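A.B. asks: Here is a sequence with its predicted model. Questions after.
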Amino acid sequence: KTKIIPKVKYIHDDAFNYAIMDSQYQKVDTVLDGIEVFNPAFQKSYKYLGNIGTASEPNLFNIRNNLGTDLGYHHFDLFFFNPDSLKYYHTNTPFTELSYDQGSKSEGYIRVLHTQNINDQWNVGLNYNRIGSDGILYNQVSGLTDFDFFTWYHSKNKRYNIIASFIANTVKNQENGGINQSAVVDQNLNSIALDPGEVNLINANSIYKNHIFNVKQFYDFGYRKEVKVNDTATIKNFVPTSRISHSFTYETNTYIFSDSAETSGFYQNYFYDTPGTIDSTHYSKIANKISWGTLENKNNAIDSIRKMLYQFDIAHEFIKYHQTNVDSSMQNAYIGGTIKLNTENNFALSGKYCMAGANQGAYNSSLRLAVFDLPDSHLSLEINANSIAPDLLQNRYDGNNFSWLNDFNYTKSQIATIELLPSYLF
């Protein structure tokens with residue numbers, strides 16, 4: 001009986017920027033270092049509400065540079081799956097990874113990954129995460145579930161690739177509105193808002209659902225190159241020099257906040273219903289993007305069309321947005337491009353511009369220059385200039401207890417970054 005040695009490797013979708021995607025394979029990390037730190041907020045330096053699975057944001061300020069019409073709900077991004085973070089695998093045997101962590105107050109974190117190749121050209125897999133905790137304060141139970149199904153197929157000659165995924169992120173949390181003035185904490189911190197009367201809300205709940213279906217297809221153009229096998233025989237290998245791609249994304253977001261019996265005077269306004277509150281926000285987006293670009297080949301620079309590499313993009317998105325008395329739709333059209341040196345990382349210029357639609361005039365741009373190389377390190381300079389439209393929720397919200405209508409200007413930013421990296425990371 002032949003013994004099978006498991007081989008499990010994966011790529012991210014940015015590997016499709018390279019001519020030879022196999023060169024971008026990464027191995028599964030089996031190191032146990034840091035396994036005791038399972039809370040993503042601690043792993044990535046986020047601040048949160050003290051209970052795993054609750055709203056969070058980075059400790060370090062970061063300017064959002066997404067040109068698209070953004071809903072504005074990002075407080076669960078730390079826990080959610082998204083198409084850019086997924087891994088696409090290639091295995092010679094079914095591979096399953098299980099992880100379970102348990103803490104105080106019924107805190108639990110389950111992670112499941114399973115992937116396998118149907119054949120040498122087609123891989124499928126799924127991820128499942130489940131976070132739950134009773135919390136420390138009254139009415140602070142959190143429950144978060146993430147699921148994604150992913151697949152990757154390529155033709156025998158690897159000129160055609162398709163990756164696809166379906167993601168379902170769901171949050172069901174209790175909301176207590178924080179500690180009120182009647183909360184009593186003794187010197188030993190033995191009582192921290194454990195009773196209903198010590199928090200602002202005792203019957204409030206929130207549900208947030210995020211669903212994303214994403215498909216990306218790639219097709220390569222190039223030429224045949226003779227490769228000598230031995231003294232008398234040669235073969236012709238296909239050398240990819242450019243790639244055309246198309247991506248399609250359909251995303252829906254639903255946010256529901258309900259409070260059946262608020263009696264503490266926490267809300268200052270009741271615009272629609274006095275006995276209770278049920279507010280909902282619905283957002284959907286359909287996006288298409290077509291790209292063409294020459295390919296980077298670090299192993300053989302002469303196989304590229306030119307020393308300079310180019311990529312050009314055109315994209316469109318259609319958005320619908322609904323709240324109590326808000327029902328609107330909008331669309332945007334974008335152009336973008338990148339110019340950089342092949343096999344070199346000392347020059348890259350990229351930009352994207354919204355030429356029509358709700359966010360017309362928004363842009364982002366980036367220039368990266370290598371200042372110089374040292375024997376053991378690399379010094380680079382990056383300059384970014386952005387003009388980003390406000391999120392939908394910043395300009396308009398209509399609910400039972402809160403309502404606003406703003407007309408904020410675009411957020412403009414200029415950022416310069418100097419980076420010094422050891423040569424083995426570059």
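C.D. replies: Arrived safely. Numbers count the residues shown, from 1 in each chain.
A.B. asks: For Arg224, grab the count of nearby residues.
C.D. replies: 10 (other Cβ atoms under 10 Å). Placement of C-beta: from N, CA and C, glycine included.
A.B. asks: My error: substitute Phe402 in the last question.
C.D. replies: Residues within reach of Phe402, counting by other Cβ under 10 Å, total 14.
A.B. asks: Next one: it from Phe271, what distance?
C.D. replies: Going from Phe402 to Phe271 by Cβ to Cβ, to the nearest Å gives 8 Å.
A.B. asks: for Asn214, same thing?
C.D. replies: In terms of Cβ to Cβ, Asn214 sits 37 Å off from Phe271.
A.B. asks: So between these two, which is more surrounded?
C.D. replies: Asn214 (22 against 14).
A.B. asks: Spatially, which residue comes closest to the more buried one, not counting chain neighbours?
C.D. replies: The shortest distance from Asn214 to any non-neighbouring residue, by Cβ to Cβ, 6 or more residues apart in numbering, is to Pro83 (4.2 Å).
A.B. asks: Buried residues of the lowest-mean-pLDDT helix or strand in the chain, list them for me.
C.D. replies: In the chain, the helix or strand scored least confidently by mean pLDDT, DSSP states H and E is strand 363-373, which has a mean of 82. Residues of strand 363-373 classed as buried: 363-366, 368, 370 (neighbour count, 16 or more other Cβ atoms under 10 Å).
A.B. asks: still on that earlier bit, ok, the residue nearest to Asn214 - contacts?
C.D. replies: Residues counted as contacts of Pro83 (Cβ atoms under 8 Å, 6 or more residues apart in numbering) are 13, 165, 167, 212, 214, 249.
A.B. asks: now, which of the residues you listed sits nearest Ala348?
C.D. replies: Nearest to Ala348 among those is Asp13, at 18.5 Å by Cβ to Cβ.
A.B. asks: got any ranges where the stretch 101-250 of the chain has weak pLDDT?
C.D. replies: For the stretch 101-250 of the chain, the stretches flagged by pLDDT under 70 are 182-194.
A.B. asks: Could I get the full set of helices for this structure?
C.D. replies: Ranges of helices in the chain, per DSSP state H, are 40-43, 392-395.
A.B. asks: what does the least confident helix or strand of the chain contact?
C.D. replies: With Cβ under 8 Å, 6+ apart, strand 363-373 has contacts from 65, 67, 344-354, 378-388, 423.
A.B. asks: Kindly export it (C-alpha atoms) in PDB.
C.D. replies: In PDB, the C-alpha atoms belonging to strand 363-373 read as follows (Å, rounded to 0.1, in the frame of the first residue of the first chain):
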ATOM      1  CA  TYR A 363     -10.300  59.200  -6.300                       C
ATOM      2  CA  ASN A 364      -7.300  57.400  -4.700                       C
ATOM      3  CA  SER A 365      -3.700  57.300  -5.900                       C
ATOM      4  CA  SER A 366      -0.500  55.800  -4.700                       C
ATOM      5  CA  LEU A 367       3.200  56.200  -5.600                       C
ATOM      6  CA  ARG A 368       5.800  53.800  -4.300                       C
ATOM      7  CA  LEU A 369       9.500  54.400  -4.700                       C
ATOM      8  CA  ALA A 370      12.500  52.400  -3.400                       C
ATOM      9  CA  VAL A 371      14.900  54.900  -2.000                       C
ATOM     10  CA  PHE A 372      17.900  52.500  -1.800                       C
ATOM     11  CA  ASP A 373      18.800  48.900  -1.000                       C
END
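A.B. asks: Could you find the residue nearest the spatial middle of this protein?
C.D. replies: Asn82 (4.1 Å; Cα atoms, centre = their mean).
A.B. asks: and the nearest residue in space to Leu405 that is not next to it in sequence, how many residues sit next to it?
C.D. replies: Excluding its sequence neighbours, the residue lying closest to Leu405 (Cβ to Cβ, 6+ apart) is Arg396, at 5.8 Å. When counting by other Cβ under 10 Å, one arrives at 17 neighbours for Arg396.
A.B. asks: Look up how far Ile207 lies from Arg396.
C.D. replies: Between Arg396 and Ile207 the distance is 21 Å, computed by Cβ to Cβ.
A.B. asks: Could you do Asn173 as well?
C.D. replies: To Ile207, Asn173 is 8 Å away according to Cβ to Cβ.
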